[in-house]
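1. Just need the structure, nothing else, for what follows:
(one chain, ligands or ions: 1)
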Amino acid sequence: MPEEVRKAMDQAAGSFVDLHQLQLSVGERLAELTHNEAAYVSCGAASGLLLATAACISRHTADAYEDFSKLNGVPNEVIVQKMHRNSYDYAVQEAGAKMVEIGSNEGTQIEDLERAVSPATVAIFWFQGAMNDPSELSLKDVIRSAGKHKVPVIVDAAAQLPPVSNLWNFTQQGADLVIFSGGKDLAGPQASGLILGSKDLIERIRGYGAPYHGVGRPMKVGKEEMMGLLAAVERYLNLDHESLLQTYEKRVQFWISGLDGKKGILAQRDYPNEAGQPVPRTRVELPVEMPKEEVIDALMKGEPRVAVAPSENGNALLLNPMTVIDGESEIVLERLLQVLG
Ligand SMILES: *Cc1c(COP(=O)(O)O)cnc(C)c1O
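-> Residues are numbered from 1 along each chain as shown. Just a heads-up that it's a prediction; the model follows:
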(Lines give C-alpha, C1' and ligand atoms only; values in the text may rest on other atoms or scores of the structure.)
Protein backbone atom coordinates (compact mmCIF):
# COMPACT_ATOMS: atom_id res chain seq x y z
CA MET A 1 0.00 0.00 0.00
CA PRO A 2 1.23 3.50 -0.80
CA GLU A 3 2.39 5.77 2.00
CA GLU A 4 -0.73 7.97 1.95
CA VAL A 5 -3.02 4.95 2.39
CA ARG A 6 -1.02 3.60 5.33
CA LYS A 7 -0.95 7.04 6.92
CA ALA A 8 -4.74 7.38 6.64
CA MET A 9 -5.19 3.93 8.21
CA ASP A 10 -2.80 4.76 11.00
CA GLN A 11 -4.60 8.01 11.78
CA ALA A 12 -7.95 6.22 11.79
CA ALA A 13 -6.58 3.61 14.18
CA GLY A 14 -5.72 6.37 16.65
CA SER A 15 -9.18 7.97 16.71
CA PHE A 16 -12.52 7.21 18.39
CA VAL A 17 -15.25 7.37 15.76
CA ASP A 18 -18.94 6.67 15.26
CA LEU A 19 -18.75 3.90 12.63
CA HIS A 20 -22.13 4.65 11.07
CA GLN A 21 -21.29 8.34 10.77
CA LEU A 22 -17.90 7.53 9.26
CA GLN A 23 -19.48 5.24 6.62
CA LEU A 24 -21.90 8.05 5.76
CA SER A 25 -19.22 10.74 5.49
CA VAL A 26 -16.70 8.58 3.64
CA GLY A 27 -19.50 7.41 1.36
CA GLU A 28 -20.52 10.97 0.56
CA ARG A 29 -16.95 11.91 -0.29
CA LEU A 30 -16.38 8.76 -2.38
CA ALA A 31 -19.61 9.38 -4.27
CA GLU A 32 -18.56 12.95 -5.03
CA LEU A 33 -15.06 11.91 -6.14
CA THR A 34 -16.36 9.17 -8.44
CA HIS A 35 -19.36 11.10 -9.83
CA ASN A 36 -21.91 8.70 -8.34
CA GLU A 37 -25.10 9.17 -6.34
CA ALA A 38 -23.87 7.16 -3.37
CA ALA A 39 -21.01 4.95 -2.17
CA TYR A 40 -20.35 2.33 0.51
CA VAL A 41 -17.14 0.73 1.75
CA SER A 42 -17.44 -3.05 2.05
CA CYS A 43 -14.78 -5.45 3.30
CA GLY A 44 -13.93 -6.62 -0.23
CA ALA A 45 -15.60 -6.83 -3.62
CA ALA A 46 -16.97 -10.30 -2.83
CA SER A 47 -18.82 -9.00 0.23
CA GLY A 48 -19.98 -6.12 -1.99
CA LEU A 49 -21.61 -8.69 -4.31
CA LEU A 50 -23.41 -10.25 -1.34
CA LEU A 51 -24.62 -6.91 0.05
CA ALA A 52 -25.73 -5.66 -3.37
CA THR A 53 -27.78 -8.81 -3.88
CA ALA A 54 -29.30 -8.50 -0.39
CA ALA A 55 -30.32 -4.91 -1.13
CA CYS A 56 -32.11 -6.08 -4.30
CA ILE A 57 -33.92 -8.91 -2.48
CA SER A 58 -34.99 -6.49 0.26
CA ARG A 59 -36.81 -4.32 -2.31
CA HIS A 60 -39.34 -7.15 -2.58
CA THR A 61 -39.46 -8.44 0.99
CA ALA A 62 -38.76 -5.79 3.57
CA ASP A 63 -38.23 -8.26 6.43
CA ALA A 64 -36.21 -10.78 4.39
CA TYR A 65 -33.19 -10.45 6.64
CA GLU A 66 -34.85 -10.20 10.04
CA ASP A 67 -35.01 -13.93 10.35
CA PHE A 68 -33.36 -16.53 8.12
CA SER A 69 -36.61 -18.44 7.63
CA LYS A 70 -38.19 -15.37 6.02
CA LEU A 71 -35.95 -15.92 2.99
CA ASN A 72 -38.09 -18.94 2.09
CA GLY A 73 -40.30 -18.37 -0.89
CA VAL A 74 -39.46 -14.68 -1.44
CA PRO A 75 -38.49 -13.28 -4.86
CA ASN A 76 -34.79 -14.13 -5.07
CA GLU A 77 -33.87 -14.80 -8.70
CA VAL A 78 -30.75 -13.22 -10.13
CA ILE A 79 -30.38 -13.50 -13.88
CA VAL A 80 -26.90 -14.05 -15.26
CA GLN A 81 -25.55 -14.98 -18.68
CA LYS A 82 -24.18 -18.52 -18.63
CA MET A 83 -20.87 -17.28 -20.04
CA HIS A 84 -20.53 -14.85 -17.11
CA ARG A 85 -20.68 -17.57 -14.43
CA ASN A 86 -17.49 -17.60 -12.35
CA SER A 87 -16.33 -18.66 -8.91
CA TYR A 88 -17.00 -15.23 -7.37
CA ASP A 89 -20.75 -15.51 -7.92
CA TYR A 90 -21.02 -17.75 -4.87
CA ALA A 91 -21.21 -14.45 -2.95
CA VAL A 92 -24.45 -13.63 -4.79
CA GLN A 93 -25.91 -16.98 -3.70
CA GLU A 94 -24.81 -16.38 -0.10
CA ALA A 95 -27.38 -13.57 0.10
CA GLY A 96 -30.05 -16.22 -0.48
CA ALA A 97 -30.34 -15.66 -4.22
CA LYS A 98 -30.89 -18.26 -6.87
CA MET A 99 -28.86 -17.85 -10.07
CA VAL A 100 -30.96 -18.11 -13.21
CA GLU A 101 -28.70 -18.75 -16.19
CA ILE A 102 -29.58 -17.48 -19.63
CA GLY A 103 -27.96 -18.26 -22.98
CA SER A 104 -25.17 -20.75 -23.53
CA ASN A 105 -21.39 -20.68 -23.69
CA GLU A 106 -21.78 -19.87 -27.38
CA GLY A 107 -23.87 -16.76 -26.84
CA THR A 108 -26.93 -15.03 -25.38
CA GLN A 109 -29.90 -13.46 -27.17
CA ILE A 110 -32.15 -10.66 -25.92
CA GLU A 111 -35.08 -13.12 -26.09
CA ASP A 112 -33.28 -15.31 -23.52
CA LEU A 113 -33.30 -12.39 -21.10
CA GLU A 114 -36.89 -11.36 -21.81
CA ARG A 115 -38.09 -14.94 -21.25
CA ALA A 116 -36.24 -15.24 -17.92
CA VAL A 117 -37.60 -12.06 -16.28
CA SER A 118 -40.46 -12.84 -13.88
CA PRO A 119 -41.98 -11.43 -10.66
CA ALA A 120 -39.33 -13.49 -8.83
CA THR A 121 -36.49 -11.58 -10.53
CA VAL A 122 -34.61 -9.29 -8.12
CA ALA A 123 -31.56 -8.32 -10.19
CA ILE A 124 -29.50 -8.94 -13.29
CA PHE A 125 -25.81 -9.53 -12.70
CA TRP A 126 -23.12 -8.48 -15.13
CA PHE A 127 -19.56 -9.70 -14.76
CA GLN A 128 -17.08 -7.46 -16.49
CA GLY A 129 -13.77 -9.03 -17.44
CA ALA A 130 -11.81 -11.21 -19.80
CA MET A 131 -14.88 -13.47 -20.18
CA ASN A 132 -16.73 -10.75 -22.09
CA ASP A 133 -17.30 -11.84 -25.66
CA PRO A 134 -18.98 -10.36 -28.74
CA SER A 135 -21.51 -13.22 -28.74
CA GLU A 136 -22.87 -12.23 -25.33
CA LEU A 137 -25.70 -9.79 -24.70
CA SER A 138 -24.20 -6.28 -24.47
CA LEU A 139 -24.36 -4.30 -21.24
CA LYS A 140 -26.34 -1.67 -23.14
CA ASP A 141 -29.03 -4.18 -24.13
CA VAL A 142 -29.12 -5.64 -20.61
CA ILE A 143 -29.58 -2.18 -19.08
CA ARG A 144 -32.31 -1.28 -21.58
CA SER A 145 -34.26 -4.46 -20.90
CA ALA A 146 -33.75 -4.21 -17.12
CA GLY A 147 -35.04 -0.63 -17.16
CA LYS A 148 -38.19 -1.74 -18.95
CA HIS A 149 -38.87 -4.31 -16.21
CA LYS A 150 -37.61 -2.07 -13.36
CA VAL A 151 -35.00 -4.64 -12.34
CA PRO A 152 -31.63 -3.36 -11.05
CA VAL A 153 -28.39 -4.21 -12.88
CA ILE A 154 -25.37 -5.01 -10.70
CA VAL A 155 -21.90 -4.96 -12.26
CA ASP A 156 -19.00 -6.91 -10.77
CA ALA A 157 -16.11 -4.71 -11.88
CA ALA A 158 -13.78 -5.92 -9.11
CA ALA A 159 -10.65 -5.89 -11.28
CA GLN A 160 -11.75 -3.29 -13.85
CA LEU A 161 -9.30 -0.53 -12.92
CA PRO A 162 -7.58 0.80 -14.97
CA PRO A 163 -9.12 2.66 -16.71
CA VAL A 164 -9.93 5.07 -13.87
CA SER A 165 -13.01 6.22 -15.80
CA ASN A 166 -14.67 2.88 -14.98
CA LEU A 167 -15.42 4.41 -11.57
CA TRP A 168 -18.22 6.31 -13.33
CA ASN A 169 -18.56 4.66 -16.80
CA PHE A 170 -20.84 1.80 -15.76
CA THR A 171 -23.22 3.87 -13.63
CA GLN A 172 -23.38 6.57 -16.30
CA GLN A 173 -24.41 3.86 -18.76
CA GLY A 174 -27.27 3.02 -16.39
CA ALA A 175 -25.99 0.24 -14.10
CA ASP A 176 -27.55 0.53 -10.62
CA LEU A 177 -24.65 -0.78 -8.52
CA VAL A 178 -21.01 -1.28 -9.48
CA ILE A 179 -18.49 -3.06 -7.29
CA PHE A 180 -14.71 -2.69 -7.20
CA SER A 181 -12.06 -4.39 -5.12
CA GLY A 182 -10.14 -2.00 -2.87
CA GLY A 183 -7.06 -4.21 -2.79
CA LYS A 184 -6.36 -4.55 -6.51
CA ASP A 185 -5.15 -1.65 -8.67
CA LEU A 186 -6.61 0.91 -6.25
CA ALA A 187 -3.86 -0.26 -3.87
CA GLY A 188 -6.11 0.33 -0.88
CA PRO A 189 -6.50 -2.02 2.09
CA GLN A 190 -6.75 -5.69 1.02
CA ALA A 191 -9.91 -6.11 3.10
CA SER A 192 -11.82 -3.30 1.39
CA GLY A 193 -14.26 -2.99 -1.47
CA LEU A 194 -16.12 -0.12 -3.09
CA ILE A 195 -19.82 -0.17 -3.95
CA LEU A 196 -21.00 2.72 -6.11
CA GLY A 197 -24.37 3.70 -7.50
CA SER A 198 -28.04 4.10 -6.57
CA LYS A 199 -28.79 6.02 -3.38
CA ASP A 200 -31.81 3.86 -2.60
CA LEU A 201 -29.90 0.57 -2.88
CA ILE A 202 -26.87 1.86 -0.99
CA GLU A 203 -29.10 3.08 1.87
CA ARG A 204 -30.46 -0.47 2.07
CA ILE A 205 -26.91 -1.86 2.18
CA ARG A 206 -25.99 0.58 4.92
CA GLY A 207 -28.78 -0.81 7.12
CA TYR A 208 -27.46 -4.37 6.80
CA GLY A 209 -23.80 -3.76 7.59
CA ALA A 210 -22.00 -3.28 10.92
CA PRO A 211 -22.68 -1.59 13.29
CA TYR A 212 -26.24 -2.67 12.45
CA HIS A 213 -27.45 -6.24 12.63
CA GLY A 214 -28.39 -8.30 9.66
CA VAL A 215 -26.96 -10.16 6.74
CA GLY A 216 -23.86 -7.91 6.53
CA ARG A 217 -22.99 -7.91 10.23
CA PRO A 218 -20.31 -10.65 9.92
CA MET A 219 -18.60 -8.58 7.21
CA LYS A 220 -17.53 -5.73 9.47
CA VAL A 221 -15.62 -2.87 7.90
CA GLY A 222 -13.01 -1.16 10.06
CA LYS A 223 -12.54 2.56 10.33
CA GLU A 224 -8.99 1.88 9.06
CA GLU A 225 -10.39 0.30 5.86
CA MET A 226 -12.84 3.15 5.32
CA MET A 227 -10.18 5.85 5.65
CA GLY A 228 -7.58 3.77 3.80
CA LEU A 229 -9.90 3.20 0.84
CA LEU A 230 -10.83 6.87 0.69
CA ALA A 231 -7.13 7.82 0.61
CA ALA A 232 -6.55 5.17 -2.07
CA VAL A 233 -9.32 6.51 -4.30
CA GLU A 234 -8.10 10.10 -3.87
CA ARG A 235 -4.60 8.99 -4.82
CA TYR A 236 -5.81 6.89 -7.74
CA LEU A 237 -7.72 9.80 -9.26
CA ASN A 238 -4.59 11.94 -9.12
CA LEU A 239 -2.21 9.38 -10.62
CA ASP A 240 -0.66 10.03 -14.02
CA HIS A 241 -2.23 6.94 -15.64
CA GLU A 242 -0.64 7.70 -19.02
CA SER A 243 2.87 7.55 -17.60
CA LEU A 244 2.04 4.48 -15.49
CA LEU A 245 1.04 2.68 -18.65
CA GLN A 246 4.36 3.67 -20.23
CA THR A 247 6.16 2.23 -17.19
CA TYR A 248 4.28 -1.06 -17.70
CA GLU A 249 5.20 -1.06 -21.40
CA LYS A 250 8.86 -0.49 -20.50
CA ARG A 251 8.87 -3.41 -18.04
CA VAL A 252 7.26 -5.67 -20.63
CA GLN A 253 9.84 -4.64 -23.25
CA PHE A 254 12.68 -5.09 -20.73
CA TRP A 255 11.62 -8.70 -20.09
CA ILE A 256 11.22 -9.35 -23.81
CA SER A 257 14.69 -8.05 -24.68
CA GLY A 258 16.25 -9.98 -21.80
CA LEU A 259 14.56 -13.29 -22.60
CA ASP A 260 13.61 -13.52 -26.26
CA GLY A 261 15.87 -15.90 -28.20
CA LYS A 262 17.76 -17.03 -25.08
CA LYS A 263 17.75 -20.76 -24.14
CA GLY A 264 15.03 -21.55 -26.66
CA ILE A 265 12.64 -18.93 -25.27
CA LEU A 266 10.15 -16.94 -27.29
CA ALA A 267 9.06 -13.79 -25.42
CA GLN A 268 6.25 -11.57 -26.69
CA ARG A 269 4.00 -8.73 -25.64
CA ASP A 270 0.51 -9.96 -24.75
CA TYR A 271 -2.56 -7.69 -24.47
CA PRO A 272 -4.90 -7.27 -22.68
CA ASN A 273 -4.21 -9.18 -19.45
CA GLU A 274 -6.16 -11.99 -17.77
CA ALA A 275 -8.57 -9.60 -16.03
CA GLY A 276 -9.26 -7.82 -19.32
CA GLN A 277 -7.50 -4.70 -18.04
CA PRO A 278 -6.01 -2.56 -20.86
CA VAL A 279 -2.48 -3.33 -19.67
CA PRO A 280 0.20 -5.40 -21.43
CA ARG A 281 2.06 -8.38 -19.99
CA THR A 282 4.92 -10.54 -21.21
CA ARG A 283 4.23 -14.02 -22.50
CA VAL A 284 7.28 -16.28 -22.17
CA GLU A 285 7.05 -19.39 -24.35
CA LEU A 286 9.29 -22.05 -22.82
CA PRO A 287 11.16 -24.84 -24.63
CA VAL A 288 9.36 -28.23 -24.38
CA GLU A 289 11.99 -29.72 -22.08
CA MET A 290 11.16 -27.03 -19.50
CA PRO A 291 7.54 -27.58 -18.32
CA LYS A 292 5.98 -24.37 -17.00
CA GLU A 293 4.97 -26.01 -13.70
CA GLU A 294 8.59 -26.84 -12.90
CA VAL A 295 9.76 -23.32 -13.71
CA ILE A 296 6.99 -21.76 -11.57
CA ASP A 297 7.89 -24.09 -8.72
CA ALA A 298 11.60 -23.27 -8.91
CA LEU A 299 10.88 -19.51 -8.99
CA MET A 300 8.72 -19.83 -5.86
CA LYS A 301 11.40 -21.82 -4.05
CA GLY A 302 14.13 -19.27 -4.77
CA GLU A 303 15.28 -16.30 -2.81
CA PRO A 304 13.51 -13.94 -3.25
CA ARG A 305 10.37 -15.86 -4.13
CA VAL A 306 9.06 -14.82 -7.54
CA ALA A 307 5.42 -15.54 -8.40
CA VAL A 308 4.52 -15.83 -12.08
CA ALA A 309 1.33 -17.09 -13.69
CA PRO A 310 1.04 -20.11 -15.98
CA SER A 311 -0.54 -19.46 -19.37
CA GLU A 312 -3.98 -21.00 -19.87
CA ASN A 313 -2.81 -22.70 -23.03
CA GLY A 314 0.63 -23.77 -24.19
CA ASN A 315 3.85 -24.11 -22.24
CA ALA A 316 4.28 -20.47 -21.27
CA LEU A 317 4.59 -18.08 -18.34
CA LEU A 318 2.91 -14.70 -17.98
CA LEU A 319 4.77 -11.81 -16.36
CA ASN A 320 2.59 -8.99 -15.04
CA PRO A 321 4.23 -5.54 -14.90
CA MET A 322 1.59 -4.24 -12.44
CA THR A 323 2.81 -6.35 -9.54
CA VAL A 324 6.44 -5.28 -9.37
CA ILE A 325 7.93 -1.98 -8.24
CA ASP A 326 10.94 -0.18 -9.71
CA GLY A 327 14.02 -2.36 -9.47
CA GLU A 328 12.10 -5.63 -9.25
CA SER A 329 11.77 -6.30 -13.02
CA GLU A 330 15.54 -6.87 -12.97
CA ILE A 331 15.20 -9.44 -10.17
CA VAL A 332 12.46 -11.30 -12.06
CA LEU A 333 14.64 -11.45 -15.19
CA GLU A 334 17.72 -12.57 -13.28
CA ARG A 335 15.86 -15.32 -11.40
CA LEU A 336 14.20 -16.56 -14.60
CA LEU A 337 17.54 -16.80 -16.40
CA GLN A 338 19.05 -18.67 -13.43
CA VAL A 339 16.16 -21.15 -13.28
CA LEU A 340 16.33 -21.74 -17.03
CA GLY A 341 20.00 -22.59 -16.60
C1 LIG B 1 -11.07 -10.10 -7.29
C2 LIG B 1 -12.46 -10.29 -7.72
C3 LIG B 1 -13.50 -10.34 -6.77
C4 LIG B 1 -13.26 -10.32 -5.28
O5 LIG B 1 -12.62 -9.18 -4.81
P6 LIG B 1 -12.18 -9.07 -3.26
O7 LIG B 1 -11.95 -7.61 -3.05
O8 LIG B 1 -10.95 -9.91 -3.12
O9 LIG B 1 -13.30 -9.60 -2.43
C10 LIG B 1 -14.79 -10.48 -7.24
N11 LIG B 1 -15.05 -10.56 -8.57
C12 LIG B 1 -14.08 -10.53 -9.50
C13 LIG B 1 -14.45 -10.61 -10.95
C14 LIG B 1 -12.74 -10.39 -9.12
O15 LIG B 1 -11.79 -10.34 -10.05
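
2. other SSEs contacting the longest strand that the chain contains?
-> Identified as the longest strand of the chain according to DSSP state E is strand 121-127. For strand 121-127, the packing partners by 3 or more Cβ pairs under 8 Å, 6 or more residues apart in numbering; DSSP states H and E come out as helix 45-58, strand 77-81, helix 139-149, strand 153-156. Where you see a C-beta, it was placed from the backbone N, CA and C, and this is true even at glycine.

3. Most tightly packed of the ones you listed?
-> strand 153-156 (a mean of 28; mean count of other Cβ atoms under 10 Å).

4. Summarise which helices and strands that strand is packed against.
-> With 3+ Cβ pairs under 8 Å, 6+ apart as the test, strand 153-156 has helix 45-58, strand 121-127, helix 139-149, strand 177-181 packed against it.

5. one step back: walk me through which strands the longest strand of the chain pairs with, and which way each runs.
-> Its sheet considered, strand 121-127 pairs with strand 77-81 (parallel), strand 153-156 (parallel) by DSSP bridges.

6. Let me know the average pLDDT across the shortest one.
-> Spelled out, it's strand 153-156. Strand 153-156 carries an average pLDDT of 98.

7. I would like the residues contacting the very next helix or strand once past it, please.
-> Scanning forward in sequence from strand 153-156 by DSSP states H and E, the next helix or strand is helix 166-173. Helix 166-173 has contacts (Cβ atoms under 8 Å, 6 or more residues apart in numbering) with 34-37, 128, 139-140, 143, 155, 157, 160-161, 163, 178, 180, 196-197, 233, 237.

8. Which residues belonging to the helix or strand hosting Ser25 are considered buried?
-> Assigned by DSSP H and E, Ser25 belongs to helix 19-33. Neighbour-count burial for helix 19-33 flags Leu19, Leu22, Gln23, Val26, Gly27, Leu30, Ala31, Leu33 (criterion: 16 or more other Cβ atoms under 10 Å).

9. That helix - contacts with which helices or strands?
-> strand 38-42, strand 193-197, helix 199-208, helix 223-238.

10. Need the residues that contact the helix or strand just after the longest one.
-> Counting by DSSP H and E, the next helix or strand C-terminal to helix 223-238 is helix 241-259. Outside helix 241-259, the residues that touch it by Cβ under 8 Å, 6+ apart are 162-164, 265, 267-269, 279-282, 284, 319, 321-322, 324, 329-330, 332-333, 336-337.
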